[in-house]
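Enquirer: No letters, just coordinates:
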């Protein structure tokens, strides 16, 4: 841990401890006691059991990955899936039979997937990639570090030891979902989701063995519940749509519906049962109000992760257009002062005022630009260059891949 992060960790530990005490203990800080009342009739399934998703996990793959870990098969599985990246690509050789059988089923789209809606989402992503990347990148990233369970799960799992590589791996799934060909045969969204689901299952088996995580988990015995996945989903999909509406972005009903469907399919591919996937944006907002909003709060781990993430972003854009103060101010603008304070993001009045003043004009100018002929394709090209540069920076030009961990972070 570098010195700045170490100092922020010590400061944040005292802040988080005070917050825990005021809320009534670790469990209260990790998750506010909000009874699960969301109606499954509002889901894509239209019906359901009504069981609180905080007490549900991905049982089949959890048991399977437990067996893979026990057998010592992680290196073999990682070697096999290394080059498996496209939706229509045959399953690789070298997989254990039980893993192959599960992957063959897990890669399939749900029966309710609508390719017309997914293609509408692809067109929307193409025209608005920059805004969506801001929301899902710096915005969603700063929200994630204010989600106590997620911050601690990331920090104490193996990926927390190398945040550049961790962000690069996470970005692979995000970029695949946002790609124009996401769910086409040559896309990558299905393959990357299957691999991510396997990683989640491995972490569920491994993280309870970490005394560091057990001490800070707020009483949760198994990490990454279905509820946790939907909390992260809302910090990306629902929160992003709320920001786009707040910024008065011109969007048709078909674009909004397509963008939602893209994320609905993504949730299903990550193992979320259909009864927990909102059918409409209104239903998503109601679920987010219950799942995400009450559990946001500070943790010392979250502050350290925020400092690392914003430091990476500042290095990516400097020398040149942005410095660390500007990056901090942009992150604060995106998530608001309350979350920014919990994340330990420094104040920079000049940059904060400049961004607030310029943002409405930025939105108007960009909307005017993307209405011109060829502008959507040009906008996508610029955003794609930025994504490629991001991946090159994070991986030091060596590339990366989503791989199954075989242990926890060592300290």
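Expert: Everything's here; your move. Source: prediction; values computed, not measured.
Enquirer: which stretches of the protein have low pLDDT?
Expert: Segments of the chain classed as low confidence (criterion: pLDDT under 70) are 1-33, 163-170, 313-322, 369-372, 374-376, 378-399.
Enquirer: Spatially central, which residue of it would that be?
Expert: The C-alpha lying nearest the average C-alpha coordinate of the chain belongs to residue 232 (Cα atoms, centre = their mean; 5.7 Å).
Enquirer: before we move on, which element is the residue lying closest to that one once chain neighbours are set aside in?
Expert: Distance criterion Cβ to Cβ, 6 or more residues apart in numbering; nearest residue to residue 232, sequence neighbours excluded, is residue 150 at 6.3 Å. Quick note: C-beta positions are derived from backbone N, CA and C, even for glycine. Secondary structure from DSSP states H and E places residue 150 in helix 148-156.
Enquirer: Wait, residue 301 touches residue 213, no?
Expert: No - shown here, residue 301 and residue 213 do not form a contact pair, counting by Cβ atoms under 8 Å, at 9.7 Å.
Enquirer: Mutual contacts of these two, please.
Expert: Contact with both residue 301 and residue 213 is made by residues 152, 156, according to Cβ atoms under 8 Å, 6 or more residues apart in numbering.
Enquirer: circling back: distance-wise, check the residue nearest to the centre of the chain relative to residue 115.
Expert: Distance, residue 232 to residue 115, using Cβ to Cβ, to the nearest Å: 25 Å.
Enquirer: Mind jotting down where the helices sit in the stretch 51-200 of the chain?
Expert: In the stretch 51-200 of the chain, the helices defined using DSSP state H, counting those that start in this stretch lie at 59-71, 74-81, 97-106, 115-127, 129-134, 140-144, 148-156, 163-178, 189-206.
Enquirer: Including distance to residue 53 and mean neighbour count, could those helices go into a markdown table?
Expert: Converted to a markdown table, the helices of the stretch 51-200 of the chain look like this (distance: least, Cβ to Cβ, whole Å; neighbours: other Cβ atoms under 10 Å):
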| stretch | distance to residue 53 | mean neighbour count |
| --- | --- | --- |
| helix 59-71 | 13 | 17 |
| helix 74-81 | 27 | 18 |
| helix 97-106 | 19 | 15 |
| helix 115-127 | 24 | 19 |
| helix 129-134 | 26 | 20 |
| helix 140-144 | 18 | 23 |
| helix 148-156 | 13 | 25 |
| helix 163-178 | 20 | 21 |
| helix 189-206 | 14 | 24 |
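Enquirer: For these, give me TSV that also has distance to residue 262.
Expert: TSV is the format used below for these (distance: least, Cβ to Cβ, whole Å):
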stretch	distance to residue 262
helix 59-71	23
helix 74-81	24
helix 97-106	18
helix 115-127	4
helix 129-134	10
helix 140-144	15
helix 148-156	22
helix 163-178	7
helix 189-206	9
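Enquirer: right, so of those helices, which gets closest to residue 219?
Expert: Nearest to residue 219 among those is helix 148-156 (10.6 Å), distances taken as Cβ to Cβ.
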